[in-house]
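# I'd like to go over a predicted model; first the sequence, then the structure.
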Amino acid sequence: MTKRLSGVQPLALEARVGAASSLVVYLDLDLTLAPVFAESEPPGVLPDLRSILDQLSLLEGALVCVLGRSGLAEMKKRLDLPRVVYAGDHGLEIEGESFRFLHPEAGFGRSALQQLNDRLAGLPLLFSGVEVDAKSLQTVIRHRSDDSPDDRNQIDMIIGSLVPPTHPDLTVVAGPTSIAIRPRLDWNKASAIRWIHERIKAPNALAIVIGDRLSEESTFSSLADAVTVRVGQLRGSRVGMSLETQADLLGFLTHLFELWKGRVDSADPAAPSPCVRPALAFGRSSPILNVRLRRAAVGRRRQALR
Ligand SMILES: [Mg+2]
């Protein structure tokens, strides 16, 4: 195990697992659990990785949360793990066994996207090789990397005229082979991690945040005391541990599973912090949070429309 991990301190991990009453693992989906995709049909998760996540999510005191850029339905189809908490559309939607959260400001973006999708429907007729993948909380325009620069410029100009930088509800994120249009919100995977973690009732929960080489630093710094792991090397990153490949990630998760299973098996039920399954609490805090966010959204929107 030690040989496979770069920058990992197995003893420190073992000590932290040994002192925790519960374990919460936050994992990114694309590039961390599954290979990146450029086509409209996304790849599944490697069977061995899926299996170890399944086993981990069934252990007492353990919670597995998977975060992705796809919608919830697509993420659930790709992973198909019933005990996992899913955070889709970059964290705008979160769903667990007994709850579902939709960011209260998402509705503004959703109606703007519906209008936009009607206008983008003709794009594949104008440019060969262009696909418009319209989902309720994001629209992705995929194009071939060998498109002529003229085509790419024209597509950029069309998107720029429909969704200018001053658009009150939508924002454009351009990549090498795709352009994503998403609700303009101050909310990302890091916000979703904090949102979930604030609702975990278990005392002394150990958080492990696992992302990939493209994951934002804010994801890793979302929780002050989390153990952070990056899959794929990146120079200058402040992330605590680094794993080179998904095979290394499988090794890490297997090690974590064995550590936590050992912790559960040896737990003294009379001890002050025996292993307890983290429970997500949805009491009074959620509506209050939602009202605050909605008020802030309306204020921002009014300002943007002035
Ligand atoms: Mg990723």
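Looks like it arrived, so ask away. In this text the structure is predicted, and so the values were computed from the model without any measurement.
# Now do the end-to-end distance for stretch 77-89.
Distance across stretch 77-89, first residue to last, is 14 Å (CA to CA, to the nearest Å).
# cool, and stretch 82-90?
Start-to-end, stretch 82-90 (CA to CA) is 20 Å.
# Could I get the buried residue list for it?
By neighbour count with 16 or more other CB atoms under 10 Å, stretch 82-90 contains the buried residues 83-90. All C-beta atoms are positioned from the backbone trio N, CA, C, and that covers glycine.
# and the residue most central in space within the chain, what does it touch?
In the chain, the C-alpha nearest the mean C-alpha coordinate belongs to L67, at 2.3 Å (CA atoms, centre = their mean). Counting by CB atoms under 8 Å, 6 or more residues apart in numbering, L67 touches 26-29, 87, 90-91, 189, 192-193, 219.
# Recalculate using a threshold of 10 Å.
Going by CB atoms under 10 Å, 6 or more residues apart in numbering, L67 touches 26-30, 32, 75, 85-88, 90-91, 94, 188-190, 192-193, 196, 209-211, 215, 219.
# Weed out the non-buried ones from those.
Buried, going by 16+ other CB under 10 Å: 26-30, 32, 75, 85-88, 90-91, 94, 188-190, 192-193, 196, 209-211, 215, 219, out of those.
# among those residues, which are in strands?
If you go by DSSP state E, those have 26-28, 85-88, 94, 209-211 in strands.
# Of the residues you listed, which are in range of the ion?
Applying CB under 5 Å from the ion to those, one finds that D28 fall near the ion.
# tell me the domain boundaries of the protein?
Listed domain ranges for the chain are 10-104+187-287, 106-183 (source: automatic domain parsing).
# Which of those domains sits closest to Q303?
Closest approach to Q303 among those (CB to CB): domain 106-183, 8.7 Å.
# Straight-line length of the closest one, end to end?
Domain 106-183: ends 7 Å apart by CA to CA.
# and the gap between A205 and G122?
Using CB to CB, to the nearest Å, A205 is found at 50 Å from G122.
# so where is the stretch 151-300 of the chain shaky, pLDDT-wise?
Counting by pLDDT under 70, the stretch 151-300 of the chain shows low-confidence ranges at 234-236, 282-300.
# What parts of it come near the ion?
D212.
# The residue of the stretch 151-300 of the chain found nearest the ion: what's its closest spatial neighbour, skipping adjacent residues?
Here the residue of the stretch 151-300 of the chain nearest the ion is D212; by CB to the ion that distance is 4.5 Å. Residue nearest to D212 in three dimensions, not counting chain neighbours: L31, with 3.7 Å by CB to CB, 6 or more residues apart in numbering.
# cool, and V140?
Distances taken as CB to CB, 6+ apart put D133 closest to V140, at 4.5 Å, once the chain neighbours are dropped.
# Kindly provide the distance from that neighbour to S237.
Distance from D133 to S237, by CB to CB: 30 Å.
# And the two? Which one has more around it.
Neighbour count, other CB atoms under 10 Å: between D133 and S237, S237 has more, with 17 against 13.
# check contacts around the more buried one.
Residues near S237 by CB under 10 Å, 6+ apart: 7, 211, 213, 215, 217, 220, 228, 230.
# returning to that earlier point: just put the buried residues of stretch 82-90 in a markdown table and tack on pLDDT and distance to S21.
A markdown table is the format used below for the buried residues of stretch 82-90 (pLDDT from 0 to 100; distance: CB to CB, whole Å):
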| residue | pLDDT | distance to S21 |
| --- | --- | --- |
| R83 | 94 | 18 |
| V84 | 96 | 20 |
| V85 | 96 | 18 |
| Y86 | 97 | 24 |
| A87 | 96 | 23 |
| G88 | 95 | 28 |
| D89 | 93 | 31 |
| H90 | 92 | 30 |
